[in-house]
Structures are given as structure tokens and as C-alpha cells.
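Enquirer: okay, predicted coordinates and the sequence, questions at the end:
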Protein chains: 2
Amino acid sequence: MKKDSRLSSVLHALLHMAEQDKPVTSDILAMCMKTNPVVVRRTMGLLRNAGLVTSERGHAGGWRITADQNNITLFDLHEALGEPTVFAIGNRQDSPDCLVEQAVNSALDDAFAEAEALLIERFKTVTLANLAADFAQRHATYRQQKE
Amino acid sequence: MKKDSRLSSVLHALLHMAEQDKPVTSDILAMCMKTNPVVVRRTMGLLRNAGLVTSERGHAGGWRITADQNNITLFDLHEALGEPTVFAIGNRQDSPDCLVEQAVNSALDDAFAEAEALLIERFKTVTLANLAADFAQRHATYRQQKE
DNA sequence: CGAATCGTAACATTAATAGTTACATGAAAA
DNA sequence: TTTTCATGTAACTATTAATGTTACGATTCG
């Protein structure tokens, strides 16, 4: 399966938007993320449904963050994207009659559930503001190195 | 992409094989797992490379477990399968020049690495013997319910 | 020899994400 | 009010990776 890279994508977009006062267009976000404006709109639309961003049509339109960056966590974004499947590994068959299959699936499901719970907890601790600070740090380091 | 269900598959196969003294053919395993004998051979071949099972050709040939069931963990199988990608979520792009992307990827990679480490730890604690016991338990319960 | 069985290459199918094209809708500027 | 810039969205295509299938060679046993 191809990996779902939308979480990574929207984070990139949001950080770029966070540095702008005016709305950012899908075209600009698409260029900056080397993808297609329709893909941007499709994905950002999910964030809009979750109330994290707004869009404006027409001249000087585009996308804007509405929520406080301290209050947007990775989990909020994951949730806004519809809580997509986390794992690329899974059971061979659902609702099996076979008792062997049930024992196997049960063990695997438990393990995956634990790992997913940890991931979700981690997602809840990281805010957009944290990432912005990390970026600022990297930027400062980068500028120092150039001198 | 489709989920990788080989771990679930080989567990099913191994548990069935564990109950047999003689080798089990790919055809029988395939029927029991509702898949194709070639798929069985392809996947079991990886376990053979890891020394967990052996295969015999010709008449009365087939697959046999060699390792002790107490010493085969889910992790051993995961490893034998080539440690396939665990997550269906990932970064949009590898080795990005963009510092924003670097900050985003770094945060995500950390979270995924933690969750994967937990999963692997869990995998290491579950043996084939554990699953066989769980199956036996389910079987006993099932027989009781029928009475 | 002949049947049973694995080994494996080559190709087809399926499932899921991402990308593209096309066009409708709405808002602001000229 | 017309033009231009933007989002909204449906429909289709492309990509990617797993799984399934066909075909045939190699090996072992009776």
C-alpha cells in the first residue's frame, strides 16, 4: 500500500501558513509542497470541516489558520483527516470462523492496539507551536552555519 | 496499498502445522487459509531462510516446524518476513531540503519510532506456544458451549 | 517411469493513495 | 458588469505495493 502522507503534508502547509498574515492559495501551497492544488484543497477541506482553518474564495482568497497554534496537536490533525489506518500490517481475514485464526488475530490486535494508543498519546503532546519552534531553531542553526 | 497480512498468515499456518507430526503440503495450508499454494510457498520460504521451518520435496513432502514453539516469537516471524513496513502513514518526501519539512518529519519520525519500538517489544513477548495455548483454551470453551 | 511436491519466474489482480482534468461557484477588481 | 482569481468537487488516471495465478522446472519417492 502507498503510505498516507497527508498528515505530513498538512503540517507542512500549516507551518507555511502560520508565517503569513494573509490567506495562502492552494496553488502556492501546492508549489511549495511539490504537489497539485486540487490535492491541497481536498486535504485542507478536511481541516476546514474540523474548524482548524478557513478558506476564502475569489480575489485575495486562500487558506488561513483559525485555531491557536498552541491548541492544534498532531492528534487533532490526524482526527481531522478521518483517523486513517495507522498500520500497514493487519489480519488476513476479518470475522473468521476458524478458532486458530481467532487466537492469532486476537494476539495481533492487542499488540497493534497498544502501539496505536501510544502513538495517539504522542500525537496529543505535540502542538503546531512546538513544530514552529523547532523550525525556528533549525533556521537559526542554518543561518549560523552559513556565516 | 493493501495491508501486509503475511504475519497473520504464517501464524495460522504454523499453528496448524504444530498439530501434525508429518509434513504439511502447501496445497493443504493454502486450502486451510483460503489462499494459493504458491503464496504459501513464497511466504514459508522466508521462514525456511530464517531456519524456523524446513521443506521437503517429492512424495510425502511438505512443511515442518523445526524450532521449539517456545522459542518462536512474533518478532522472529516479523524478522523472518523481512521486517516489513509497520506503518501506513509516513512522510511526504524523503531527504527534504526544506527546513519546515525537516522539522515536521523529525517530529513524526520520533512518534512512529516510539510506537514501533513498543510493538516490537510486544512481538517479542508472544510465542507460538502462547498462541497454541490460547487456541486450546478457545477450543475447550467452544466444546463446552456445544454441550 | 510417473506422480507428488517444492522452487520460482512472469504476469494479472486488487486495494489504497496521489495526481490530473474539467468545470461550476463565488468574490473582488477593473 | 465583465473579467480574473480563487475555491469546490466530480470523475478519471496513475502509482505503488500486496496478493493471486499460471506455467514450468527440479526433486523425491514409489
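Expert: That came in fine, so what should we check first? Residues are numbered from 1 along each chain as shown, chains lettered A, B, ... in the order given.

Enquirer: the nearest residue to residue A:88 once chain neighbours are set aside: what's it in contact with?
Expert: Nearest-residue entry for residue A:88: residue B:88, 4.2 Å, with adjacent residues in sequence omitted and distances by C-beta to C-beta, 6 or more residues apart in numbering or on different chains. For glycine as for every other residue, the C-beta is placed from the backbone atoms N, C-alpha and C. By C-beta atoms under 8 Å, 6 or more residues apart in numbering or on different chains, the contact set of residue B:88 is A:1, A:3, A:4, A:84, A:85, A:86, A:87, A:88, B:1, B:3.

Enquirer: go on, residue A:25?
Expert: If you count contacts by C-beta under 8 Å, 6+ apart, residue A:25 has them with A:37, A:61, A:62, A:63.

Enquirer: and these, which two are the farthest apart?
Expert: A:37 and A:61 (12.5 Å; C-beta to C-beta).

Enquirer: related to what we said a few turns ago, just the contacts of residue A:25 now: which is nearest residue B:28?
Expert: Distance to residue B:28, by C-beta to C-beta, is smallest for residue A:37 among the contacts of residue A:25, at 53.8 Å.

Enquirer: before we move on, back to that, which of the contacts of residue A:25 come close to DNA strand C?
Expert: Of the residues in the contacts of residue A:25, proximity to DNA strand C by C-beta under 7 Å from any atom of the strand holds for residue A:61.

Enquirer: which pair in the contacts of residue B:88 spans the largest distance?
Expert: The widest separation within the contacts of residue B:88 (C-beta to C-beta) is 13.8 Å, between A:86 and B:1.

Enquirer: of these two, who's got more company?
Expert: Applying other C-beta atoms under 10 Å in any protein chain shown to residue A:86 and residue B:1 shows that residue A:86 carries more neighbours, namely 18 against 10.

Enquirer: pretty sure the more buried one is touching residue A:118, no?
Expert: No: at 10.8 Å, residue A:86 does not count as touching residue A:118 under the criterion of C-beta atoms under 8 Å.

Enquirer: worst-scoring helix or strand of chain A, pLDDT-wise?
Expert: helix A:128-146 (a mean of 91; mean pLDDT, DSSP states H and E).

Enquirer: so does that helix get close to chain B?
Expert: Yes: using C-beta under 8 Å from any C-beta of the partner chain, we find that helix A:128-146 touches chain B at A:130, A:131, A:134, A:135, A:138, A:139, A:142.

Enquirer: CA atoms only for that helix, dumped as PDB, please.
Expert: As requested, the backbone C-alpha atoms of helix A:128-146 are provided in PDB (Å, rounded to 0.1, in the frame of the first residue of the first chain):
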ATOM      1  CA  LEU A 128       1.900  23.100  15.900                       C
ATOM      2  CA  ALA A 129       3.600  25.700  18.000                       C
ATOM      3  CA  ASN A 130       6.100  23.100  19.100                       C
ATOM      4  CA  LEU A 131       6.900  22.400  15.500                       C
ATOM      5  CA  ALA A 132       7.100  26.100  14.600                       C
ATOM      6  CA  ALA A 133       9.700  26.500  17.500                       C
ATOM      7  CA  ASP A 134      11.600  23.500  16.200                       C
ATOM      8  CA  PHE A 135      11.700  25.000  12.700                       C
ATOM      9  CA  ALA A 136      12.800  28.400  14.100                       C
ATOM     10  CA  GLN A 137      15.700  26.600  15.900                       C
ATOM     11  CA  ARG A 138      16.700  24.800  12.700                       C
ATOM     12  CA  HIS A 139      16.500  28.100  10.800                       C
ATOM     13  CA  ALA A 140      18.800  29.800  13.300                       C
ATOM     14  CA  THR A 141      21.300  27.000  13.200                       C
ATOM     15  CA  TYR A 142      21.300  27.000   9.500                       C
ATOM     16  CA  ARG A 143      22.000  30.800   9.300                       C
ATOM     17  CA  GLN A 144      24.800  30.400  11.800                       C
ATOM     18  CA  GLN A 145      26.400  27.700   9.700                       C
ATOM     19  CA  LYS A 146      26.300  29.900   6.600                       C
END
